[in-house]
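Trainee: return atomic coordinates for the entry below.
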Amino acid sequence: MENNDMQDTRLFVRYLILQARHLIWINRQRELSPYNISVGQSHILGILHQIGHKVTLTELAKLTERATSSTSVQLNRMENDGLVEKIRENPKSNLLSFTLTEKGRNIYKLCNKMEADKKIMSALSEAERQQLILMLEKIIYRAEKRLRSQT
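Mentor: This next block holds a predicted model:
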């Protein structure tokens, strides 16, 4: 960033948040590459593992904070790769649910170690991480509040 931009701390904070997010994402993607899954797929595997039962497309879209259409595309890829199973709740119904396959559970166990995250976050003490969480939650709350007021 140019020197003038760094004078405005709001812009500089946004720049740092985006840079940190990008670098953490790249490290996580490199960690997942041996398993041939993306960060987004890993996130879905984690959600399905934590929930432990069938989840609808709409529920997954909300939990991942993604559009239903992009979640559907992701789940179709994961189904083709044998990571999730699509279950039609009723033969005549359009309602679909998804669950982990055995392969999906195994991949989740392998990639859940998150060594990259542990190494990166070890730069901060537990107290510093707690402070960062509080600060980021404030920023997220304000951003969500502003979005709601604009609709």
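
Trainee: how far away is the residue nearest the centre of the chain from residue 114?
Mentor: Per C-alpha atoms, centre = their mean, the C-alpha nearest to the average position across the chain is that of residue 43, at 4.6 Å. Noted for residue 43: a distance of 12 Å to residue 114, by C-beta to C-beta, to the nearest Å. No exception for glycine: its C-beta is placed from N, CA and C like everyone else's.

Trainee: in the chain, which spans are helices?
Mentor: Here the chain has its helices, by DSSP state H, at 3-7, 9-32, 39-51, 57-64, 68-80, 102-111, 115-121, 126-149.

Trainee: turn those into TSV, columns for mean pLDDT and distance to residue 96.
Mentor: Converted to TSV, these look like this (pLDDT from 0 to 100; distance: least, C-beta to C-beta, whole Å):
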stretch	mean pLDDT	distance to residue 96
helix 3-7	58	46
helix 9-32	95	26
helix 39-51	92	14
helix 57-64	90	6
helix 68-80	92	9
helix 102-111	93	16
helix 115-121	93	31
helix 126-149	96	29
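
Trainee: can you say which of the ones you listed is nearest to residue 90?
Mentor: For the helices of the chain, distance to residue 90 was read as C-beta to C-beta. The smallest value, 15.1 Å, belongs to helix 57-64.

Trainee: for the closest one, name the packing helices and strands.
Mentor: helix 39-51, helix 68-80, strand 96-100 (3 or more C-beta pairs under 8 Å, 6 or more residues apart in numbering; DSSP states H and E).
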